[in-house]
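> Make a model of this:
(chains A and B)
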Protein chains: 2
Amino acid sequence: MSICGGSSPSPKSSNFGTKASYASGSFKFEILHTSKKSKARVGRIHTPHGIIDTPHFVAVGTNSTIKAVDSATCDALGVQLMFCNTYHLIVQPGREVIKAAGGLHRFMHRKNPIITDSGGFQVFSLAYGSVADELKSRGQKKLNNTVVKITEEGVLFRSYRDGSKIFLTPESSVEAQKDFGADIIIPFDELPPYHIEKADLRASLDRTHRWETRSLEAHLKSPQNQAMYGVIHGGLDSELRKISCQYLSSLAFDGFAIGGSVGKTKQEMFVLLHDIRPFIPEQYPLHLLGIGDQVCLAGAIPEGIDTFDSSFPTKAARHGHLMTHTGEVRIKQASFAKDFTPIEEGCSCPTCMQYTRAYLHHLYKAGELTFYTLATIHNIHYMVQLMAEYREKIYRDEV
Amino acid sequence: MSICGGSSPSPKSSNFGTKASYASGSFKFEILHTSKKSKARVGRIHTPHGIIDTPHFVAVGTNSTIKAVDSATCDALGVQLMFCNTYHLIVQPGREVIKAAGGLHRFMHRKNPIITDSGGFQVFSLAYGSVADELKSRGQKKLNNTVVKITEEGVLFRSYRDGSKIFLTPESSVEAQKDFGADIIIPFDELPPYHIEKADLRASLDRTHRWETRSLEAHLKSPQNQAMYGVIHGGLDSELRKISCQYLSSLAFDGFAIGGSVGKTKQEMFVLLHDIRPFIPEQYPLHLLGIGDQVCLAGAIPEGIDTFDSSFPTKAARHGHLMTHTGEVRIKQASFAKDFTPIEEGCSCPTCMQYTRAYLHHLYKAGELTFYTLATIHNIHYMVQLMAEYREKIYRDEV
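Here you go, the predicted structure:
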C-alpha cells in the first residue's frame, strides 16, 4: 500500500529517554528532552507557519476566532497552535469563501500555525450529544435528525444554519481541509457513542481505519505542506486501542491524536493513556483531542502527550472562572467587589497588568462584553505560561 | 452670590472670529481658530488628565467601559474624552467601590479625560422613556415605578438592579461625581417630558436652575481640579432656552452643555442651536448632550458646538453598521461574503489594517463576540478621524 510507513522510523521502536525526531517536507518534530522521571518530553514542532513548543495548549477557535479575542491578540499572547473546526467552517462561511480568501490563515489573519479537525467529531457528537448527555440518558439517546444517513461512503447531515444537506466523506473532508490550508489536518473518523457493545465498537474502529486510510490517500495526492495526524480510536477498550495504534502507525501519518471516548473519569483516562502509550511510536508528535483542564494536563503530560486542545479555559473565562496557580478566581463572588489586586499577582497578561479583580467583578456583574475579552485574554495567557512552566519542569526532570 | 461669574470673562460678550480662552485652575479652554464661514471653531480643552482637541466626539462608556472595547484600547484609539454615567455607576459598582479604587480613572484604568453626568437624565428618561417612546405614546406615557418621588430636594428612585431606594439630590450627585473624580462634571437637572405645557416647562426650568445652582455650590466647596458645565434647558421653547443661557452664564460654570429635548427632527434642532448660540458666551467650551450621528455633527459644528457624546457609533457597530465616508457598510449583507477588502480603503484602524469585510461578515453571521470588538474599534476610530478632519476643515474655513 502506497501510504504505508515509508521513510519514517520503525513505529514499533520505543526509546523514551533519548532524543528523537521525525521530519517530512516542511513538517518536523524534534524531541529536545525527555524527562528522567516520566515519558514527558519537551519538543518543537516545525510547520510552514512557525514553531510550536511542546507540551503546548491548543486554543480552540471553532468559527475561525477564539471567542472574544481576535487573531492578532491571540498571536501576540503566544498561542502557537489554534484549533479550528471544519464542520462549523463548512457550514459557515463555507469552503468556497475560505478558499477564495487564500486559506484560513489569510481569512482570519492568523500568523501562527493552525490545526483543523475532519468534521467527523462534530457530525457525530452533535447527533449523539456529549458523553455527559449520554451518561445522563443511560445510553438511551439515539441519533437526532441532524444526521440523515451514515454509509460506508460517508455521512449525510443537515446544516444547523439553513437545513441544507451536506455529504461529508473522507475525501471531501480532506478537500475542505486543503482549501483551509491548516498546518496540521485530521483524517475523517467515526465517533462511536459512549454506550456501545464491543462488537459494534470493533466494527466502528474498522470503519474509522478505512476512513482514515482513505483520508490519508486523499491527502498524499497533494500534501501541500500540510501534516496529517492519525486519530487513534477504540474507546475504552484497551485491546482495540492497541490495535488502532498498531494499524495507524503502519501508515504514513506525520503524528497521532487520541480521539473518541477516553473514560468517564480522569483516572480512567490516565490508565488508558498509560496502557496504550508504548504502542504509539514516540518519535511522532502526539495530540490528545478535546482535553485541556489542569488536572488532565498534570496526568497526561507525564504520559508523553505533546499537545492538547480544549475550549475549557476560554469557556471558563466567559463564565467568570479565572485561572491562577492557586485555583480558580470565581470573579462574581462579592468578596472581589473591592479587591484592587490583579487576578493573579505576578501575572504578566495585559488584563492583570492593567485591571483589577474589582473592575472585572464589576464588568461581569454589569454584563459588559469587555469582560469576556479581558477574562479570555487572562485564561489564554495563563495556559500559555503554564505550558512554558511544564517545559521548564520537564527539562529539570521534575515531571 | 458667591458662585456668580467671578474672574471669568464677561459672559455676554460675543466675538466669534477671534481667539478667546477661558481658564480656571487646571482647566483651560483655548480657541485656536474660528471659521470665517460659520461659528465652527477649533479648540483645545486642558484637563488634569490631558488635552481634548475640539470639535471632539465623546465615546459613551456607561458602565465605565465602552461596550466590547477596554480602556487601554480606547485610549490608544485617540478617544480623548469618555462619557460615563453616574446613575449606572451609583447602582453598580456603587460610589464606595470607585472611591476606594482611587476614582474612576484608576478603577477603569483610563489615562485620558472623563466626563460624568449627574444621573438626572437617566432617572427621568428611564421613567418617561425616550423621546421616541413618548412620541409613539402621544404623551400618554407617565412616570413608571422606578421613580418613587420627586420633590424640591431631589429624586427618590429604585435601583434597577436590586430594587433598593436611592435618593439623588444636587448635592449627592455632585458628591458621587467627586468620588468618581471625572475631569468634567455635570450639575443635577430635571429632564421634563417631551410633551409638556409651557407653564410646566417653565416651572421645570426654574427647578433645574435651582438644582444646578445648588450643584455648583456643592462643587465649589471643593473643586478638586474638576470643571463643571452648566446644562442649558428650556426644551423646544426658544425664549426659555435664552433665559436658561442667560441665567446659567451668570454663574461660575467652566463650560456649558445643551440638554433636554432639542426637537423631534434634526432641522428643528439646528434652528434651535442657531437661535440660542448667541446667548451662550463663546469663550467657554460647549457640549451637546446625547447627539453624535454624522448629520447632526454636520449641522451642529457650524454652530460652534465643541464636544458631542453619543452611543450611536458604538451601538451601530454592534448592529453591524460600520461607518465610512461614503455611508454605512451593513456587514450582514450577503454581498460582503467574499469581499476581501477592508471596511474602508485607506482606514488605518486596527480592524481595517488586519481584517476584511468577508471575515467580519462571517463573524457577524456566526454571532462571534470578536465581531463586536472589531466593529466597535472601527467605528470609534472613524469618529476620531472624522473629528480630526473637521478640525482641518475649520482651519481652512471650509466649515
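> I figured A:Arg391 hits A:Phe57, correct?
No. Using Cβ atoms under 8 Å, A:Arg391 is not in contact with A:Phe57, being 11.5 Å away. Just so you know, the C-beta spots here come from the backbone N, C-alpha and C atoms, and that holds for glycine as well.
> so what sits against both of those two?
Shared contacts of A:Arg391 and A:Phe57 (Cβ atoms under 8 Å, 6 or more residues apart in numbering or on different chains): none.
> Need the single longest helix in chain A, by residues.
helix A:369-395 (DSSP state H).
> Now do the buried residues in that helix.
Buried residues in helix A:369-395, counted by 16 or more other Cβ atoms under 10 Å in any protein chain shown: A:369-387, A:390-391, A:393-394.
> Kindly report the same for stretch A:348-365.
Buried residues in stretch A:348-365 (16+ other Cβ under 10 Å): A:349-352, A:355-365.
> For chain B, what's the nearest residue on the stretch 151-300 of chain A?
Residue of the stretch 151-300 of chain A nearest chain B, by Cβ to the nearest Cβ: A:Arg161 (8.3 Å).
> since we're on that residue, how many residues are nearby?
By other Cβ atoms under 10 Å in any protein chain shown, 12 other residues sit near A:Arg161.
> Can you read off the pLDDT for it?
Note for A:Arg161: predicted pLDDT of 85.
> before we move on, what about A:Asn15?
Per-residue confidence (pLDDT) for A:Asn15: 45.
> how about the nearest residue to A:Met323 once chain neighbours are set aside, what does it touch?
Excluding the flanking residues, the one nearest A:Met323 by Cβ to Cβ, 6 or more residues apart in numbering or on different chains is A:Tyr382, at 4.4 Å. If you count contacts by Cβ under 8 Å, 6+ apart, A:Tyr382 has them with A:313, A:323-324, A:344, A:347, A:349.
> Would you convert the residues you listed into JSON lines that also reports distance to A:Ser64 and pLDDT?
JSON lines is the format used below for the contacts of A:Tyr382 (distance: Cβ to Cβ, whole Å; pLDDT from 0 to 100):
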{"residue": "A:Pro313", "distance to A:Ser64": "18", "pLDDT": "97"}
{"residue": "A:Met323", "distance to A:Ser64": "24", "pLDDT": "98"}
{"residue": "A:Thr324", "distance to A:Ser64": "29", "pLDDT": "98"}
{"residue": "A:Glu344", "distance to A:Ser64": "30", "pLDDT": "98"}
{"residue": "A:Cys347", "distance to A:Ser64": "28", "pLDDT": "98"}
{"residue": "A:Cys349", "distance to A:Ser64": "23", "pLDDT": "98"}
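> Select from these every entry located in helices.
Mapping these onto helices (DSSP H) picks out A:Pro313.
> Which positions within stretch A:214-223 qualify as buried?
So stretch A:214-223, judged by 16+ other Cβ under 10 Å, has buried residues A:214-219, A:223.
> Looking at those, which has the smallest pLDDT value?
For these, the pLDDT minimum is A:Pro223, 90.
> Help me confirm that that residue comes into contact with A:Phe27.
No. At 9.1 Å, A:Pro223 does not count as touching A:Phe27 under the criterion of Cβ under 8 Å.
> C-terminal to the helix-or-strand element of chain A with minimal mean pLDDT, what's the next element?
Every helix and strand in chain A was compared by mean pLDDT, DSSP states H and E; the lowest is helix A:131-137, with a mean of 58. Downstream of helix A:131-137, the first helix or strand assigned by DSSP states H and E is strand A:147-150.
> contacts for the following helix or strand past that following strand?
Where DSSP H and E defines the elements, the next helix or strand beyond strand A:147-150 is strand A:155-158. When contacts are defined by Cβ under 8 Å, 6+ apart, strand A:155-158 is touched by residues A:120, A:123-124, A:127, A:145-150, A:164-169.
> what's the average pLDDT for strand A:155-158?
Mean pLDDT, strand A:155-158: 90.
> Kindly report the same for stretch A:358-378.
Mean pLDDT, computed over stretch A:358-378, is 98.
> Straight-line length of that stretch, end to end?
Taking Cα to Cα, to the nearest Å as the measure, stretch A:358-378 stretches 15 Å from start to finish.
> hmm, it touching chain B?
Yes. Stretch A:358-378 reaches chain B (Cβ under 8 Å from any Cβ of the partner chain) through A:358-359, A:361-363, A:365-366, A:368-370, A:372-374.
> So which of the residues you listed is the closest to A:Leu240?
For those, the residue nearest A:Leu240 by Cβ to Cβ is A:Tyr372; the value is 40.8 Å.
> didn't that closest one look like it was pressed against B:Leu369?
Yes. The pair A:Tyr372 / B:Leu369 is scored as a contact, 5.4 Å apart, by Cβ under 8 Å.
> Name the residues contacting each of these two.
Joint contacts of A:Tyr372 and B:Leu369 (Cβ under 8 Å, 6+ apart) are A:67-68.
> Any regions of the stretch 151-300 of chain A where pLDDT drops low?
Scanning the stretch 151-300 of chain A for pLDDT under 70 picks out nothing.
> Helices of that one, start to end?
For the stretch 151-300 of chain A, the helices defined by DSSP state H, counting those that start in this stretch cover A:170-180, A:198-221, A:238-248, A:266-276, A:294-300.
> got the buried residues for the last one?
Translated: helix A:294-300. Buried residues in helix A:294-300 (16+ other Cβ under 10 Å): A:294, A:296-297, A:299-300.
> what element comes up after it heading to the C-terminus?
Downstream of helix A:294-300, the first helix or strand assigned by DSSP H and E is strand A:307-310.
> Show me what that next one is in contact with.
A:45, A:52, A:54-60, A:81, A:83, A:115, A:285-293, A:296-297, A:300.
> now those residues: which count as buried?
Among those, the ones that count as buried by 16+ other Cβ under 10 Å are A:45, A:52, A:54-60, A:81, A:83, A:115, A:285-292, A:296-297, A:300.
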